[in-house]
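Peer 1: sequence first, then the predicted structure, then my questions.
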Amino acid sequence: MPARHTRLSPSAVQSALGEALAELRRSLELPDSFPPEVVAEAEEVAASDAAVDGSDAERADLRDLAFLTIDPEGSRDLDQAMHIARAGDGFVVHYAIADLAAFVRPGGAIDAEARRRGQTLYAPDGSIPLHPEALSHGAASLLPDEDRRAYVWRFALDAEGAHGPEDVTLERAWVRSRRQWTYEEAQRAIDDGSAPETLRHLAEVGALRIAQEAARGGASLNAPEEEIVDGPDGYTLRMRRPLPVEDWNAQISLMTGMAAAAIMQREGRGILRTMPPADEESLAEFRRRVALLGRPWDDAVDYGEYLRRLDPADPATPAVLQAASALFRGADYAAFTSPDEIPADAGQAAIGAPYAHATAPLRRLVDRFVLLACTGRADVDTLPLLPDIMRRSSALASRLESGAVDRVEAAVLHARIGDILDAVVLAETKGGRRVQIADPFVTATVREAVEPGTRIRVHVESTDIATGEVVLSVA
């Protein structure tokens with residue numbers, strides 16, 4: 001490996017980055033393929049005309065509804081499809097979720113491997129899927145113009161976007177998506193007026209559900225994303241703000257997760273996604289930090305409303321959002337197999353209600369079991385095992401993501417060694433001050449003590465692509 005101050009050619013940088021990402025996979029002991037018996041079983045069940053659990057006998061036929069999907073460009077593992085129609089002053093939302101239980105034999109090879117993996121892992125050089133592609137990109141995916149098995153939620157919403165327990169039903173059905181939309185395509189169609197009925201209504205329902213979230217005290221950290229892009233010249237980074245349609249789409253998923261939690265609590269069996277409320281000490285520290293940033297938190301509003309009012313164009317907003325991240329900690333899973341095991345504090349504080357992961361069974365193991373529990377088929381032997389499986393896989397996902405981002409950042413900044421770049425200080429850390437460079441969009445650390453929210457200029461001293469280390473100093 002060349003010395004840290006040696007400048008590499010662009011092609012050599014990308015080669016070094018490829019080696020670094022491959023070594024990251026090896027160090028995390030990530031699988032590069034599925035065992036032969038798992039692939040064989042997936043191909044067998046994908047080719048079969050019958051569901052492995054016999055559910056087709058009572059499956060409803062909802063293929064007359066014009067479902068559609070909205071996902072990132074290039075996605076093939078399509079978990080959700082929706083159809084939204086007007087109903088008087090309100091709406092009827094049908095939300096179809098891929099029916100993995102129809103393809104996975106309990107205790108079989110696919111089931112065992114999925115329990116080992118826990119969730120799909122994402123890396124710049126390719127994902128590590130939860131299920132073989134015969135299922136995740138094929139027979140179980142809600143691809144357009146294909147008859148697919150799904151769990152279908154039906155929500156009857158009033159004019160305010162609210163519903164009661166009696167306004168929610170769940171059944172297993174046949175569905176057929178009419179089109180796969182990307183987020184960008186869907187947003188353009190909504191904006192220019194060419195969107196089909198479901199997308200037009202999604203904009204209305206999404207806005208109503210955001211208002212419902214605010215009313216129940218929920219909060220969202222809509223921070224810009226540091227996105228890795230694989231372009232013609234290799235991997236690079238860009239700042240990406242979620243489109244409005246992504247927030248509206250997420251609200252349908254959140255509504256479903258809350259409905260799933262309510263059903264499981266009534267039945268006394270299931271698994272919840274929990275998050276404790278921020279404690280008084282954390283809230284006081286957040287209040288102190290935003291005051292120092294010159295963006296005081298008004299006592300008359302809760303922190304969710306305060307965050308919603310932030311101006312994305314305000315240079316202090318990134319530092320405020322970084323400080324707010326301390327309020328969104330402690331997410332966990334809580335399994336229960338009887339009513340008396342339901343935790344006393346079963347809520348998800350950021351959502352403002354009890355909640356469960358129920359809408360991504362192709363990519364997350366726990367969702368398959370939540371859907372089983374919601375239909376009265378909870379696996380009481382597996383439910384207690386799921387929290388540890390999901391904690392372990394989530395920790396691995398975090399290590400992979402942070403390690404990959406560090407290495408890409410080092411590669412992107414390699415060509416800027418010696419340059420002085422504009423940045424804003426985000427937060428104090430044990431290793432110095434976390435800063436956000438404006439161009440290229442990179443987050444790194446400086447050693448000097450500088451107040452969060454301050455605009456500074458940083459000198460790029462060196463980078464190490466193999467480890468992801470970046471050395472900056474205040475210019």
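Peer 2: Sure, I can see it.

Peer 1: so where do the helices sit in this structure?
Peer 2: Using DSSP state H, the helices of the chain run over 10-27, 36-47, 109-117, 133-134, 183-192, 197-215, 244-267, 280-292, 303-308, 317-324, 365-374, 386-414.

Peer 1: need the contact partners of the third one.
Peer 2: With C-beta atoms under 8 Å, 6 or more residues apart in numbering as the test, helix 109-117 has contacts from 31, 34-35, 37-38, 40-42, 45, 103-105, 128, 130-132, 135, 365, 368, 385, 389, 393. (Glycine included, C-beta is placed from N, CA and C.)

Peer 1: now swap in the fourth one and tell me
Peer 2: Applying C-beta under 8 Å, 6+ apart, the set of residues contacting helix 133-134 from outside is 39, 42, 43, 46, 76.

Peer 1: pLDDT at residue 5, what is it?
Peer 2: Residue 5 carries a pLDDT value of 57.

Peer 1: got a list of what residue 223 touches?
Peer 2: Residue 223 touches 318, 321, 322, counting by C-beta under 8 Å, 6+ apart.

Peer 1: can you tell me which of these lies closest to residue 220?
Peer 2: Closest approach between the contacts of residue 223 and residue 220, by C-beta to C-beta: residue 321, at 10.7 Å.

Peer 1: doesn't residue 310 make contact with the closest one?
Peer 2: Yes - contact status for residue 321 versus residue 310: in contact at 7.3 Å, counting by C-beta atoms under 8 Å.

Peer 1: OK, contacts around residue 122?
Peer 2: 128, 397, 400, 401.

Peer 1: burial of the third one, as a residue count?
Peer 2: If I follow you right, that is residue 400. 20 (other C-beta atoms under 10 Å).

Peer 1: the first one too?
Peer 2: As a burial measure, the neighbour count of residue 128 was computed by other C-beta under 10 Å and equals 19.

Peer 1: how does this protein divide into domains?
Peer 2: What automatic domain parsing lists as the domains of the chain is 1-30+395-475, 32-226+242-267.

Peer 1: I'd like the contacts of residue 122 as TSV, with pLDDT and distance to residue 71 appended.
Peer 2: Converted to TSV, the contacts of residue 122 look like this (pLDDT from 0 to 100; distance: C-beta to C-beta, whole Å):
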residue	pLDDT	distance to residue 71
128	96	19
397	97	19
400	97	21
401	94	19
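
Peer 1: list just the nearest of the residues you listed to residue 242.
Peer 2: Checking those one by one against residue 242 (C-beta to C-beta), the nearest turns out to be residue 401, at 17.2 Å.

Peer 1: quick check: pLDDT value at residue 1.
Peer 2: Looking at residue 1, its pLDDT is 37.

Peer 1: weed out the non-buried ones from the contacts of helix 133-134.
Peer 2: Buried subset of these (neighbour count, 16 or more other C-beta atoms under 10 Å): 39, 42, 43.

Peer 1: including pLDDT and distance to residue 376, could those residues go into CSV?
Peer 2: Shown next, in CSV, are the buried ones among the contacts of helix 133-134 (pLDDT from 0 to 100; distance: C-beta to C-beta, whole Å):
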residue, pLDDT, distance to residue 376
39, 98, 32
42, 98, 27
43, 98, 30
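
Peer 1: OK, contacts around residue 132?
Peer 2: Residue 132 touches 34, 38, 39, 42, 43, 110, counting by C-beta under 8 Å, 6+ apart.

Peer 1: in the stretch 101-250 of the chain, where is pLDDT below threshold?
Peer 2: Applying pLDDT under 70 to the stretch 101-250 of the chain flags the ranges 224.

Peer 1: test my guess that residue 169 contacts residue 154.
Peer 2: Yes - using C-beta under 8 Å, residue 169 makes contact with residue 154 at a distance of 4.7 Å.

Peer 1: more neighbours: which of these two?
Peer 2: Using other C-beta under 10 Å as the criterion, residue 169 and residue 154 rank with residue 154 on top: 16 against 12.

Peer 1: without its sequence neighbours, what residue ends up closest to residue 332?
Peer 2: Spatial nearest neighbour of residue 332, excluding adjacent residues (C-beta to C-beta, 6 or more residues apart in numbering): residue 274 at 5.3 Å.

Peer 1: equivalent analysis for residue 416, please.
Peer 2: Nearest in space to residue 416, with sequence neighbours left out and distances taken as C-beta to C-beta, 6+ apart, is residue 460 at 4.9 Å.

Peer 1: related to what we said a few turns ago, closest to residue 330 out of the buried ones among the contacts of helix 133-134?
Peer 2: Lowest distance from residue 330 to these (C-beta to C-beta) belongs to residue 42, with 35.8 Å.

Peer 1: list the contacts for that closest one?
Peer 2: Residue 42 touches 34, 103, 110, 131, 132, 134, 135, counting by C-beta under 8 Å, 6+ apart.

Peer 1: please redo it, this time with the cut-off set to 7 Å
Peer 2: The contact partners of residue 42, taken as C-beta atoms under 7 Å, 6 or more residues apart in numbering, are 110, 131, 132, 134, 135.

Peer 1: if any of those are buried, put those into a ChimeraX selection.
Peer 2: The following ChimeraX line selects those of those that are buried, judged by 16+ other C-beta under 10 Å:
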select :110,131,132,134,135
